[in-house]
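Engineer: requesting a structural model of the entry that follows:
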Amino acid sequence: MVPRMRFAAVHSGRLLLTVLCGAIGCKHRPPAPPGTAGSATDGATTTIDGGPRTVAAPPRQAAARPHGPVEKWARWPMPNVRLAGLPNPHSYDTQIPGVVVDRVTGLMWQRNLPEKFFTFPNAERQCDGLTLAGHHDWRLPSRIELVSLLDTTRIQPSIDMAAFPNTPIDWFWTSSLAADNPSAAWYVYFYFGYPKTDDMTNSFSVRCVRSTQAPPTLAARYDIQAKEVLDSATGLHWQRAAAPKALPFEGARAYCSHLRLGAKKTWRVPTLVELLTLIDESAAAPMIDRTAFPDTPGEPFWSSSTFANGAELAWYVRFDQGNGLYGRLIEPFRVRCVQ
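Structural biologist: The predicted model follows:
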C-alpha cells in the first residue's frame, strides 16, 4: 500500500511536493493526503497548496430540504474542452455572484469553496444545508455531473480557472455510491482530472450543485440498433461492438477515422468525459449497459484526450473499475468509436 499524502505544487516561493507519476507511465492513483482515511479528527487542520485547510466538524442536524433529482446518467450533452472537431464546448455564465451556470448542462455550481475538508456524510449535509444566490435546493453532485467540469487540457487543477478560480488541486466528493463497497463513494480528483472511489471516512473537498431545469423525460436511455447505439440524452452515437482487438493510441484513432457503419462516415475516438458517460455505476465488471453494448470486455478503452493536451500520455477508461487513468501512447487498449 502506498502511503497517503497530500499533493501540492509550488506556491509563493515555497517548495512543496509535486509528483507526476504519469511521466513514467504510472497507472495507479497518486497517494492520498495525510489526515484522510479517518486519521484526521473533526476540527483538525491540514495543508494543501501551501495553506491551512480545516477538517470540518459535523454540521448541526437540520431537516432535509428538497432538491433536484440526482442522475446516474448524463441527461444533457456532455461538455467538451475547446478543441477542433469536438461538440458542445465548455461555456460558463458567471454573472450571478457566487455561482457559475453551465450553459451546456444547465447546472448551477457553487463558485467559491469552503476552506474545509469533509467526510462523505458531512459533505452531503454541507450541500443540503447551503443557501446561495437565493436558492435552498443545493446538493452534492453526482459522479457524472462533477466529471462534466473536467478540463483535460490542463492540470493542477484540471478545471476552467476563469470560471472556477482558486480551485484546490484536491479530491472532491460526489453523491454517487460505489457498487462493490457500501462504505465507499465516488470522487473526482482535480489535480490531474479523473474519477475513482474511496472510503467515506476520508476527508475531501466539496463543490455543491443544483439543477436549474427538470431533466427531459425519455422513453429509454438508449436507442439500440444492430451496429450502433444512440444515447438519447447526450445525443452521442456509439459503435455498438468495440474494436475486435486492442490498439495503440494512433492505431485507435486510425481505426475510428476509417470506420464505416451505414451512412455515417465521421467516427472518432471519444473524449475522456464522453467515454465516462457509458459507465454504469451499479454494474459489476464490465461497468456498462450489457444490453446496449453486449460482449464489452472489462478492459481499458482509449479516449482521444491527451494528458494536459500533451503528446506523450493519453487518458483511458477502465471498464472493470469505472475510473479514468492515463497511459503511454504505445500501450494497446480497446476502443469504441463515437460521433
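Engineer: give me the mean pLDDT for stretch 79-89.
Structural biologist: For stretch 79-89, the mean per-residue pLDDT is 97.
Engineer: now the end-to-end length of that stretch.
Structural biologist: Start and end residues of stretch 79-89 are separated by 5 Å (CA to CA, to the nearest Å).
Engineer: buried set for that stretch?
Structural biologist: The neighbour-count check on stretch 79-89 (16 or more other CB atoms under 10 Å) flags 79-81, 86-88 as buried. All C-beta atoms are positioned from the backbone trio N, CA, C, and that covers glycine.
Engineer: strands of the stretch 51-200 of the chain, start to end?
Structural biologist: Secondary structure of the stretch 51-200 of the chain by DSSP state E, counting those that start in this stretch: the strands cover 51-55, 92-93, 99-102, 107-110, 116-117, 171-177, 184-189, 194-199.
Engineer: from P332, how far out is the spatially closest residue to A308 that is not a sequence neighbour?
Structural biologist: Closest residue in space to A308, ignoring its immediate chain neighbours: I155 at 4.9 Å, by CB to CB, 6 or more residues apart in numbering. According to CB to CB, to the nearest Å, I155 and P332 sit 25 Å apart.
Engineer: show me which of these two is the more surrounded one.
Structural biologist: It is I155, of I155 and P332, that has more neighbours when counted by other CB atoms under 10 Å, with 20 against 15.
Engineer: that one contacts Y194, correct?
Structural biologist: No. Here I155 lies out of contact with Y194, judged by CB atoms under 8 Å, at a distance of 10.6 Å.
Engineer: so what's the most centrally placed residue in the chain up against?
Structural biologist: The centroid of the chain falls nearest to V147 when counting by CA atoms, centre = their mean (2.6 Å). By CB atoms under 8 Å, 6 or more residues apart in numbering, the contact list for V147 reads 188, 195, 273, 276.
Engineer: okay, these in JSON lines with pLDDT and neighbour count next?
Structural biologist: Putting the contacts of V147 into JSON lines (pLDDT from 0 to 100; neighbours: other CB atoms under 10 Å) gives the following:
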{"residue": "V188", "pLDDT": "98", "neighbour count": "30"}
{"residue": "P195", "pLDDT": "97", "neighbour count": "25"}
{"residue": "V273", "pLDDT": "98", "neighbour count": "27"}
{"residue": "L276", "pLDDT": "98", "neighbour count": "25"}
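Engineer: looking at the buried residues of stretch 79-89, which are in helices?
Structural biologist: Assigned to helices by DSSP state H, none of the buried residues of stretch 79-89 qualify.
Engineer: which of the residues you listed sits closest to T94?
Structural biologist: For the buried residues of stretch 79-89, the closest approach to T94 (CB to CB) belongs to P79, at 15.3 Å.
Engineer: just checking, the closest one touches L86?
Structural biologist: No. The criterion here is CB under 8 Å, and P79 misses it with L86 at 9.6 Å.
Engineer: how about the helices in the stretch 1-150 of the chain?
Structural biologist: Using DSSP state H, counting those that start in this stretch, the helices found in the stretch 1-150 of the chain span residues 120-128, 143-147.
Engineer: domain ranges for the protein?
Structural biologist: For the chain, automatic domain parsing gives the domain ranges 1-217, 222-328.
Engineer: got the end-to-end distance for the shortest one?
Structural biologist: Okay, so that is domain 222-328. Domain 222-328 has an end-to-end distance of 32 Å (criterion: CA to CA).
Engineer: need the pLDDT of A8.
Structural biologist: 35.
Engineer: my error: substitute A263 in the last question.
Structural biologist: In this model, A263 is scored at 78, pLDDT.
Engineer: what sits against it?
Structural biologist: Contacts for A263 (CB under 8 Å, 6+ apart) come out as none.
Engineer: could you do P157 as well?
Structural biologist: The neighbours of P157, taking CB under 8 Å, 6+ apart as the test, are 167-170, 190-191, 193.
Engineer: of all these, which two lie farthest apart?
Structural biologist: Greatest spatial distance among those (CB to CB): P168 and G193, at 13.5 Å.
Engineer: of those two, which one has the most company?
Structural biologist: Higher neighbour count among P168 and G193: G193, with 27 against 19, using other CB under 10 Å.
Engineer: hmm, back to that, export the contacts of P157 to JSON lines and tack on distance to R328 and pLDDT?
Structural biologist: JSON lines is the format used below for the contacts of P157 (distance: CB to CB, whole Å; pLDDT from 0 to 100):
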{"residue": "T167", "distance to R328": "28", "pLDDT": "98"}
{"residue": "P168", "distance to R328": "29", "pLDDT": "97"}
{"residue": "I169", "distance to R328": "23", "pLDDT": "96"}
{"residue": "D170", "distance to R328": "26", "pLDDT": "96"}
{"residue": "F190", "distance to R328": "23", "pLDDT": "98"}
{"residue": "Y191", "distance to R328": "20", "pLDDT": "97"}
{"residue": "G193", "distance to R328": "18", "pLDDT": "96"}
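Engineer: select from those residues the one having the most neighbours.
Structural biologist: Within the contacts of P157, most neighbours by other CB under 10 Å means G193, with 27 neighbours.
Engineer: what is the burial count for the closest residue in space to R336 that isn't next to it in sequence?
Structural biologist: Nearest non-adjacent residue to R336, counting by CB to CB, 6+ apart: A242, 4.6 Å away. As a burial measure, A242 scores 20 neighbours (other CB under 10 Å).
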